[in-house]
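**Student:** based on what follows, work out the 3D shape:
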Amino acid sequence: MASVTRPFCGSCDRIGLTADGQIRTCLFALREYDVRTALRSGASDEDVARLVAAAVWRKQPGHLINSPFFHQPERGMSAIGG
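**Tutor:** Numbering: from 1, shown residues only. The predicted structure is shown next:
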């Protein structure tokens, strides 16, 4: 099912990890969570789990692509590894 023409955002449980180590809670998310820096600085598994949990808790209920409030993310899918 296409998420733009028939949105399923309300029940979406997906997150993604970009090619450069950023967690994205939606392909159209405006915010990213930097897991690469955490891992490279020696973060524990618990620290990384907290970072992922914080990202998931902040996941927006939808991308608003068909709304006048929609803002295109700065990085397109080709820049994030999609």
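**Student:** look up phi and psi at the residue sitting nearest the centre point of the chain.
**Tutor:** The centre of the chain sits closest to R24, judged by Cα atoms, centre = their mean, with a distance of 1.6 Å. Phi and psi for R24, reported as degrees, to the nearest 10, are phi -120, psi 130.
**Student:** which helices and strands does the longest helix along the chain pack with?
**Tutor:** For the chain, the longest helix by residue count, based on DSSP state H, is helix 45-57. Counting contacts by 3 or more Cβ pairs under 8 Å, 6 or more residues apart in numbering; DSSP states H and E, helix 45-57 packs against strand 22-24, strand 33-34, helix 35-40. No exception for glycine: its C-beta is placed from N, CA and C like everyone else's.
**Student:** low pLDDT regions in this protein?
**Tutor:** 1-8, 64, 76-82 (pLDDT under 70).
**Student:** helix, strand, or coil at the residue of it positioned farthest from its centre?
**Tutor:** Distance from the centre of the chain peaks at G42, with 22.5 Å (Cα atoms, centre = their mean). Judged by DSSP: H, G, I helix; E, B strand; the rest coil, the three-state class of G42 is coil.
**Student:** which positions within stretch 10-21 qualify as buried?
**Tutor:** If you call a residue buried by 16 or more other Cβ atoms under 10 Å, then stretch 10-21 has these buried ones: 12, 18.
**Student:** how about residues contacting it?
**Tutor:** 3, 23-27, 32, 34-37, 39, 52, 55-56, 59, 61-62, 80-82 (Cβ atoms under 8 Å, 6 or more residues apart in numbering).
**Student:** tell me how far the ends of it are from each other?
**Tutor:** Across stretch 10-21, the terminal residues are separated by 26 Å (Cα to Cα, to the nearest Å).
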